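Engineer: Fold the following for me, if possible:
(chains A and B)
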Amino acid sequence: MSVGGEPILRGVDLALAPGRVHALMGPNGSGKSTLALTLAGEPGYTVTRGRALLEGEDLLALPPHERARKGLLLAFQYPPEIEGVALREFLRLACAERGQGFCEFQRNYPRALARLRMEAFDGRELNVGFSGGEKKRAELLQLFLLRPKVALLDEPDSGVDVDALRLIADAIRDLAGSGAAVLIITHYPRILEHVPPSDVFVVDRGRIVEHGGPDLAQRIGEEGFEVVRG
Amino acid sequence: MTKGAARTLTREFVEALSVEKGEPAWMRAHRERCLAAFEKMPLPRFGPDLSSLDFSDLAYYARPVEPVRRWEDLPEEIRRTFNALRLPEAEQKALAGLGAQVDSEVVYRSLLEEVRAQGVIFASMDTAVRDHPWVKDYFMQAIPPEDNKFAALHGAVWSGGTFIWVPPGVEVKVPLQAYYRMQTEAVGQFEHTLIVAEPGSSVHYIEGCSAPRFSRAALHSGMVEIFAKEGARVRFTTVQNWSKNVYNLNNKRALAYAGAAVDWVSGSLGSKVTMLYPTTVLLGPGARTENLAFTFAQDGMWLDSGARALHRAPDTTSRLVSRSVVQGTGKSVFRGTVHVYPQAKGAKAHVECSTLLLTPDAKTETIPILNAETDDVELGHEATVGRVSQEKLFYLMSRGLSESQAMSLIVNGFVSPILKEIPLEYSVELRGILEMSFERAIG
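Structural biologist: So this is what the prediction gives:
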C-alpha cells in the first residue's frame, strides 16, 4: 500500500486467531501504525494490492465505518479530542451501530467504566483534556464496550504509568477472553510481559521479517531489533 | 388601514398609525422625529448589500389576525402554526408568560398569576405606552433614532412588541417568552421590546421568530432596549429562523448599571441577510455582560453579526463568544467590538470567535475591534476558522459511525458551548435544522 504515491508496506502476510493475543513489533518507522490505519480504512492510504479477510469477507472494499460494524476496531496511538461530544453519548451511538440495545448499553457502560477505573470520566467530552495515559485507557474502554472480533491496539502502553498499565493489560486479556483476535502493536516489549502473546510478528521497512512465539519478544527486549535484521 | 397593509411611508401614514393606536402626544412627536431622521440617513456603509431591499414595496403595518384571549379563538392557519411551534405546550410547562405577535400586532398574551402578584408588568409595548407615562423615560433612550437608518425607521413605524418591568428585588424564576411571526407577503415587522429590571431583580426573556417563505423581500427591524439597574440580572435569548426572503436588521442595546449582569444568547439560522450586533454599555462599577452567539449561515445567506461591549466604569467585565457554521455559499461575519474608556480601570474583556466551514464555497470573516484607553485592563482575543477535521471524521467512523453521523457529532459538538445555553425546546429544533442541512451537504 502507499501514501501519496509513496509505497510504505510491501509485503505483509499475517493471520490472527480468535481468542488469542498477537504482537506486531518493529522499530520506529517500520510501518506498524501504517498497517493498523490501513486496516481500519484511513482515507489517505491507498492499497495497491492485497486483501484483508474477516470471516472470508474482504474488508478493504468497505468504508471505515462498515469495517468497524463488521467487528474490526482500532485503538488509536494518538486519539483526537472531539470537542463538545459527550463520551457517554458517543459510546451509546457506537454501541447501537454494533447492534447493542439501549438497555444493554445502560448495563454495560458503568461496568466498563469501573473495569478501567474511569468512573470520573462519565461526564467528560470525548478525549478532551485527557492525558496521554487517560486516552489509552479510554480507547480500551471503547473497545471493551464495542466487543470487536479483531482488536488492533496501536501502542496501547505508551505514556501509561504502572497502575494504568495493569488496567490496560487486564482489559486486553478480557478482550481476548471474550473471543477477539487481538493484535498489540508496540516497539517495546513491556506490555507483552503483562499480556504474553501467542504469536509475535516483526515488521521492518514495510515487510514482515520474522514470525515466532513469545520468546521472540523476549529476545527483542534483550537484544533489540538487530536480532531479526540478519 | 386597520386590516389591510399600508405600503407607503409618509408623514400622514405615521400620524394615522399613532392616532389609530391612541398614543400620547410625545409618541406621535417621536415618530415624526424618527421619520425625518430616516429620510435623511444613508444605508449602513459596511456589511451586506441592502440595495435590493425596496422601501416602497413593504407593508409597514399589517393586521391579518385580531387579538384573542384563548388559543382556540385564533384562525385555523395561525393556530396550526403556533401548535407546530409548540407554543401552547411551552406556555403550560415552561413559561411564566407568553406573548405572540403576527405581523404588526400582538394577538395573544398570558402571564402566570403568581408573577403578576409579584408586581411584574408583562404587556404589549403599545399598551404600555398608553398605560404608563413613565415609559417615555426609557423608550429609545438607549438607542436614539439618529444612531442608524434602521433605528430611525423602527422608531417611526414600530408596532407591537413586549414591555417588561420587574420591581426591585423580584426574581422571575421561570422565563417569559414572546413569539414573532410574519405572515403577510412583503411585510415589515417592527416590534419594540423594552425591559426595565429594577435594582436586585432578575428576569430571563426568550424570543423566537419565524415566517413562511414568499418570493418578495420582507423586513424585520425590531429593537430591544434593556435597562438593568444596580445588581439586576437580565438574560435575553433570541432564536430566529426567518425564511430566506427576510432582511433581519435589528438594534439591541442594554445599559448595565453597577453590579448588573446582562447576557445575550442568540441562535441565528434563517433570513436572507442579518445585521445584528447586541451591545451592552457597562455603566456602573462591577457590571458584566456575556454575548453567546450561534450562527448558521446556509446557502445564499449573509449573516453579519457581532457583539459590542462598551466599558464605561471600573471593574467591568465582558465575554463575547461566537460559534458559526457556514454551509453552501453562505457567509458569516463576526464583528466583536470592545471599547474600554479611560475611567474603566480593572476592566476585563474576552472575545472569542470560531467558525466551521462545511463547504468549499462557504465564506467567513472575523473583524475584532479592541480599543483600550487605559493600561489597567485585561483584553483577550481568539479567532479560529477551520473545516471539519478529516482526522476526527475518520476516528469516529472507525468506531462504526457513518460519515453523516460522524459529521453530525462534530458539528453539534462544535456549537454545543452556545447551544447548551439555549432553552431545550429551541436547541432541539436548532440541532434538527443543522443535521438536515449537512446531510444534504454530504449528499
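Engineer: Beyond the least confident helix or strand in chain A by mean pLDDT, next helix or strand please.
Structural biologist: Taking mean pLDDT, DSSP states H and E as the measure, the helices and strands of chain A show their lowest mean at strand A:2-3, namely a mean of 74. With elements assigned by DSSP states H and E, the helix or strand that comes after strand A:2-3 is strand A:6-7.
Engineer: tell me the mean pLDDT for the helix or strand following that next one?
Structural biologist: Once strand A:6-7 ends, the next helix or strand along the chain (criterion: DSSP H and E) is strand A:21-25. Per-region confidence: strand A:21-25 scores 95 on mean pLDDT.
Engineer: Ok, stretch B:280-292 next?
Structural biologist: Mean predicted lDDT for stretch B:280-292 stands at 98.
Engineer: So which residues lie in contact with that stretch, not counting its own?
Structural biologist: Residues external to stretch B:280-292 that are found in contact with it (CB atoms under 8 Å, 6 or more residues apart in numbering or on different chains): B:142, B:228, B:230, B:253-266, B:278, B:307-322, B:344, B:347, B:417-418, B:421. The C-beta positions use only the backbone N, C-alpha and C, and glycine is treated the same way.
Engineer: Which of these fall within strands?
Structural biologist: Secondary structure assignment (DSSP state E) places B:228, B:253-256, B:261-266, B:307-311, B:317-322, B:347 from the contacts of stretch B:280-292 within strands.
Engineer: Contact residues of chain A facing chain B?
Structural biologist: Residues of chain A lying near chain B by CB under 8 Å from any CB of the partner chain: A:40-44, A:63-65, A:67-69, A:73-74, A:76, A:79-80, A:82-85, A:90, A:93-94, A:97-98, A:125, A:142, A:146.
Engineer: which of the residues you listed are buried?
Structural biologist: A:40-42, A:64-65, A:67-69, A:73-74, A:76, A:79-80, A:82-85, A:90, A:93-94, A:97-98, A:125, A:142, A:146 (16 or more other CB atoms under 10 Å in any protein chain shown).
Engineer: Which single residue in chain A comes nearest to chain B?
Structural biologist: A:G84 (2.9 Å; CB to the nearest CB).
Engineer: check contacts around the most far-flung residue of chain B relative to its centre.
Structural biologist: In chain B, B:S398 marks the outermost C-alpha relative to the chain mean, sitting 40.7 Å out by CA atoms, centre = their mean. When contacts are counted by CB under 8 Å, 6+ apart, B:S398 touches A:40-41, A:64-65, A:67-68, A:73-74, A:76.
Engineer: Could you do B:L276 as well?
Structural biologist: With contact taken as CB under 8 Å, 6+ apart, B:L276 is in contact with B:248-250, B:252, B:266, B:268, B:304-306.
Engineer: Could you list the low-confidence segments of the chain?
Structural biologist: Let's take chain A. Within chain A, the set of residues satisfying pLDDT under 70 comprises A:229-230.
Engineer: The intended chain is chain B.
Structural biologist: Low-confidence segments of chain B, defined by pLDDT under 70: B:1-6, B:437-443.
Engineer: the helices in it, which residues?
Structural biologist: B:11-20, B:25-40, B:76-84, B:87-93, B:113-117, B:125-131, B:149-157, B:390-397, B:403-419, B:424-442 (DSSP state H).
Engineer: Go through the contacts of B:L276 and say which is closest to A:D58.
Structural biologist: Distance to A:D58 across the contacts of B:L276 (CB to CB) is lowest for B:S268, with 47.5 Å.
Engineer: B:R323 versus that closest one, what's the distance?
Structural biologist: Relative to B:R323, B:S268 is positioned 11 Å away (criterion: CB to CB, to the nearest Å).
Engineer: Quick check: the residue lying closest to the residue of chain A closest to chain B once chain neighbours are set aside vs B:K272, distance?
Structural biologist: Taking CB to CB, 6 or more residues apart in numbering or on different chains as the measure, A:G84 lies nearest to B:G413, with 2.9 Å between them; neighbours along the chain are not counted. Taking CB to CB as the measure, B:G413 and B:K272 are separated by 29 Å.
Engineer: which SS state does the residue nearest the centre of chain A fall under?
Structural biologist: Within chain A, the residue whose C-alpha comes closest to the C-alpha centroid is A:L153; the distance, by CA atoms, centre = their mean, is 1.8 Å. Each residue gets one of three states, and A:L153 gets strand by DSSP: H, G, I helix; E, B strand; the rest coil.
Engineer: show me what contacts the closest residue to it other than its chain neighbours?
Structural biologist: Distances taken as CB to CB, 6+ apart put A:A75 closest to A:L153, at 4.6 Å, once the chain neighbours are dropped. With contact taken as CB under 8 Å, 6+ apart, A:A75 is in contact with A:136, A:139-140, A:142-143, A:151-154, A:156.
Engineer: Skip the chain neighbours and tell me the closest residue to residue 144.
Structural biologist: Since no chain was named, I'll use chain A. Nearest non-adjacent residue to A:F144 (CB to CB, 6+ apart): A:A112, at 4.9 Å.
Engineer: other chain: chain B
Structural biologist: If the residues on either side of it in the chain are set aside, B:P144 comes closest to B:A151, at 7.3 Å by CB to CB, 6+ apart.
Engineer: do B:G286 as well
Structural biologist: Closest residue to B:G286 apart from its sequence neighbours, by CB to CB, 6+ apart: B:G259 at 4.6 Å.
Engineer: what's near enough to touch that neighbour?
Structural biologist: Contact criterion CB under 8 Å, 6+ apart gives B:230-231, B:284-287 as the residues in contact with B:G259.
Engineer: Mind picking the two most distant members of these?
Structural biologist: When the contacts of B:G259 are compared pair by pair using CB to CB, the two farthest from each other are B:G231 and B:P285, 11.4 Å apart.
Engineer: who has more neighbours, those two?
Structural biologist: Neighbours were tallied for B:G231 and for B:P285 using other CB atoms under 10 Å in any protein chain shown; the higher tally belongs to B:G231 (21 against 17).
Engineer: so the more buried one sits right up against B:A197, yeah?
Structural biologist: No - with contacts defined as CB atoms under 8 Å, B:G231 does not count as touching B:A197, sitting 9.5 Å away.
Engineer: what's the overlap in contacts for these two?
Structural biologist: Jointly contacting B:G231 and B:A197 under the rule CB under 8 Å, 6+ apart are B:A260.
Engineer: returning to what we had before: state the phi and psi torsions of the residue nearest to B:G286.
Structural biologist: In this entry, B:G259 is assigned phi and psi values of phi 70, psi 0 (degrees, to the nearest 10).
Engineer: just the helices in chain A please.
Structural biologist: According to DSSP H, the helices that chain A contains are A:32-40, A:64-70, A:87-97, A:102-115, A:132-146, A:162-177, A:190-194, A:214-223.
Engineer: Make CSV out of those and add distance to B:E435.
Structural biologist: Listed next are those as CSV, based on distance: least, CB to CB, whole Å:
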stretch, distance to B:E435
helix A:32-40, 26
helix A:64-70, 17
helix A:87-97, 13
helix A:102-115, 20
helix A:132-146, 24
helix A:162-177, 34
helix A:190-194, 41
helix A:214-223, 48
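Engineer: Out of those helices, the one nearest B:G119 is which?
Structural biologist: The closest approach between B:G119 and any of these, judged by CB to CB, belongs to helix A:87-97 at 42.9 Å.
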